[in-house]
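Novice: Pasting the sequence and the predicted model now:
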Amino acid sequence: MNVYLQRAVNVLTKINELASISEDPAGITRTFGTATFQQGSRVIQQWMEDVGLQTRIDSIGNVRGRLESSNAGAKTFVIASHMDTVVNAGKFDGPLGVIMGVDLVDQLVRSAKPLPFHIELIAFSDEEGVRFHTTYLGSKVVAGSFDPDLLDKKDDSGSTLSEVIQLMGNDVTQLPADAIAPDDWFGYFEIHIEQGPVLYERNVPVAVVTDIAGQKRIEITFTGMAGHAGTVPMTMRQDALCAAAEFVLEVEKLAATQVNLVATVGKLNVVNAASNVIPGEVSCSLDVRSNDEAVLMSAYQQLQQICLDIGHKRTVQVDWGLIQETASVACDKGMSELLEQTIQRSGYDVIRLVSGAGHDGVPISLVAPIAMLFVRCFKGISHNPLEHVDLTDMAATLQVADTFMKYLLEQ
């Protein structure tokens with residue numbers, strides 16, 4: 001067994017160990033701030049200490065390990081991904097990048113080569129945003145862009161973010177101190193599964209991420225008039241569900257005719273639903289994404305107008321609320337070109353991909369150049385227990401990442 005394959009086996013062993021720490025014994029669920037989440041944090045912290053890093057858990061719950069350079073005034077290069085999960089998750093989304101980061105840093109420690117910059121390995125506490133319905137809590141703190149108003153956000157049980165942070169034993173007043181100052185950044189690197197089918201279909205283990213798509217998330221409520229399903233004539237109805245259904249199909253139609261655009265209605269809630277009642281109120285979500293800001297804004301405006309027109313035509317009130325938006329992000333050209341050279345010299349085709357999923361690199365990009373390496377996953381399946389990465393692809397990823405770090409250290 002070659003050395004990279006053996007290292008991949010060690011990485012997978014840790015991935016399986018972390019996957020066994022779950023709020024749900026029937027699946028993998030590890031959401032921000034829970035006892036299970038904190039147990040997983042301690043395990044990751046121990047792995048970092050085992051390879052010789054100085055560790056701490058910061059005020060937002062990020063697990064951080066640091067390898068210091070002897071150079072006076074050295075900047076910091078961050079290797080990171082996230083440790084939280086969606087509900088009933090796969091085991092690779094996030095932890096793969098964290099644990100491969102542990103392996104990469106372990107190799108650097110063993111080599112005893114002088115470092116031109118400090119290296120900080122971070123397991124971000126909340127990228128998925130499951131508990132408080134807001135993404136990038138951990139990376140926003142590190143980037144210095146955390147919004148204090150988020151401390152008042154409540155989870156489904158009514159607990160505020162501030163209360164959960166305090167229950168973890170952390171101090172909310174120290175959140176600003178956990179940021180890496182903009183002048184102290186050298187760069188950021190993340191390894192992550194693709195969460196899409198391109199690499200799987202093209203039979204290539206890795207790809208360079210060129211951009212992370214911008215996104216807008218909207219909540220829409222259609223309010224018509226509930227009524228008896230047997231007595232209100234079809235021509236006199238104000239059916240909120242019919243309005244929502246028409247809108248869902250229009251979303252699909254618009255996105256299918258556009259380049260660099262995806263749009264999804266992922267949630268639909270019929271209030272007081274019953275088989276013999278005309279739906280009077282329906283709410284739904286809308287997720288629109290593109291790496292082209294002009295395309296994203298145009299689609300957003302068109303869909304809003306389509307929604308309002310449907311409401312007007314059907315005499316149904318429409319309430320449209322933008323609840324979250326992030327701009328598209330371009331990865332650093334220099335580091336991305338270095339990744340491409342590394343992939344090519346490792347004997348693989350160079351594939352460039354836009355990430356339709358959001359990543360912690362989005363807030364980090366405001367203060368540092370970022371680079372991302374995608375790893376092939378089975379059929380592109382993610383956020384699903386069927387999520388899987390082959391050992392041979394993990395070994396190829398470690399080879400590419402090793403060489404990338406070597407080149408970066410020599411620059």
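Specialist: Everything's here; your move.
Novice: ok, and for the helix or strand hosting E17, which residues are buried?
Specialist: Element membership for E17 (DSSP states H and E) is helix 3-19. By neighbour count with 16 or more other CB atoms under 10 Å, helix 3-19 contains the buried residues 4, 7-8, 11-12, 14-15, 18-19. Heads up, the C-betas are built off the backbone N, CA and C, glycines and all.
Novice: and the helix or strand just after that helix, which residues are buried?
Specialist: Sequence order places helix 35-50 as the next helix or strand after helix 3-19, per DSSP H and E. Residues of helix 35-50 classed as buried: 36-38, 40-41, 44-45, 47-48 (neighbour count, 16+ other CB under 10 Å).
Novice: those strands in the stretch 251-400 of the chain, which residues are they?
Specialist: For the stretch 251-400 of the chain, the strands defined by DSSP state E, counting those that start in this stretch occupy 262-264, 268-270, 277-278, 281-290, 317-326, 329-330, 352-355, 370-375.
Novice: For the chain, give me the ranges with low pLDDT.
Specialist: Residues of the chain meeting the criterion pLDDT under 70: 1.
Novice: could you point out the longest helix in it?
Specialist: Longest helix of the chain, by residue count under DSSP state H: helix 293-314.
Novice: what's the angle between that helix and strand 317-326?
Specialist: Relative orientation of helix 293-314 with respect to strand 317-326: 170 degrees, computed using axes from the mean of the first three to the mean of the last three CA atoms, to 10 degrees.
Novice: now helix 293-314: how far from the chain's centre is it?
Specialist: 26 Å (CA atoms, centre = their mean, to the nearest Å).
Novice: Need the contact partners of that helix.
Specialist: 214-216, 218, 220, 222, 224, 238-239, 242-243, 246-247, 250-251, 254-255, 258-261, 263, 286, 288-290, 316-318, 320, 327-328 (CB atoms under 8 Å, 6 or more residues apart in numbering).
Novice: for stretch 374-390, same thing?
Specialist: Against stretch 374-390 from outside (CB under 8 Å, 6+ apart): 27-28, 86, 88-93, 96, 191-200, 204-209, 353, 355, 357, 393-394, 397.
Novice: and stretch 68-84, how far out from the chain's middle?
Specialist: With CA atoms, centre = their mean, you get 20 Å for stretch 68-84.
Novice: Endpoints of it, how far apart?
Specialist: 27 Å (CA to CA, to the nearest Å).
Novice: May I see the buried residues of that stretch?
Specialist: Here stretch 68-84 shows 69, 74-84 as buried, counting by 16+ other CB under 10 Å.
Novice: and if you look at stretch 119-134?
Specialist: So stretch 119-134, judged by 16+ other CB under 10 Å, has buried residues 119-132, 134.
Novice: how near is D103 to T13?
Specialist: 11 Å (CB to CB, to the nearest Å).
Novice: Sorry, slip of the keys, the one I care about is D147.
Specialist: 38 Å.
Novice: Please name the residues that touch the residue most central in space within the chain.
Specialist: Central residue of the chain (CA atoms, centre = their mean): H359, 3.8 Å from the mean position. Shown in contact with H359 (CB under 8 Å, 6+ apart): 127, 190, 192, 212, 372.
Novice: Include distance to A294 and secondary structure when you put these into CSV, please.
Specialist: Formatted as CSV, those follow (distance: CB to CB, whole Å; DSSP: H, G, I helix; E, B strand; the rest coil):
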residue, distance to A294, secondary structure
E127, 27, coil
E190, 27, strand
H192, 27, strand
I212, 17, strand
M372, 23, strand
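Novice: from the residues you listed, which is closest to K113?
Specialist: E190 (22.5 Å; CB to CB).
Novice: I'd assumed V362 was in contact with that closest one.
Specialist: No: if you go by CB atoms under 8 Å, E190 and V362 don't touch, sitting 10.8 Å apart.
Novice: between these two, which one's more packed in?
Specialist: E190 (28 against 24; other CB atoms under 10 Å).
Novice: need the contact list for that one.
Specialist: By CB under 8 Å, 6+ apart, E190 lies in contact with 79-81, 97, 359-361, 370-373.
Novice: nearest to V63, of these?
Specialist: Closest to V63, out of all of these and judged by CB to CB, is A80, at 10.0 Å.
Novice: buried ones in stretch 368-379?
Specialist: 368-378.
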